[in-house]
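Chemist: Provide a 3D model corresponding to the input given below.
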Amino acid sequence: MSKTPAVVVKVLTSSWFLAVDFSQNYFELFGLSEQFDIDLKRLSSCYQELQKALHPDKFANASDRERRLSLQQAGQVNSGFQTLKD
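Modeler: Numbering: from 1, shown residues only. From the prediction side, this is the model:
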């Protein structure tokens, strides 16, 4: 059974910010069941959604903390996608 991608809305300073829970495994990050045969269409779709929300370019005018967090989160999403798609 598939779940929704694990992106949580959090408030940092005065702005809304999407945050990835770094304690999750890659399956949880993308809302996928832990199994060998992954739905690659769903993985790709979730990846694109997460990158749209977390991409560092969206935070170009944000605080240093928010820009760093965006870079870390986008990196986590990229790593998860690369790992699961192979």
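
Chemist: which residues of this structure score low on pLDDT?
Modeler: 1-20 (pLDDT under 70).

Chemist: mind listing the strands for it?
Modeler: 7-12, 15-20 (DSSP state E).

Chemist: give the burial count for Ala62, as a bare number.
Modeler: Other residues lying near Ala62 total 17 when counted by other CB atoms under 10 Å. Where you see a C-beta, it was placed from the backbone N, CA and C, and this is true even at glycine.

Chemist: quick one: it from Leu71, how far?
Modeler: Ala62 sits 11 Å away from Leu71, going by CB to CB, to the nearest Å.

Chemist: for Asn25, what are its contacts?
Modeler: Asn25 sits next to Glu34 when contact means CB atoms under 8 Å, 6 or more residues apart in numbering.

Chemist: next up, phi/psi of it, please.
Modeler: phi -80, psi 170 (degrees, to the nearest 10).

Chemist: and it, how far is that from Asp39?
Modeler: 16 Å.
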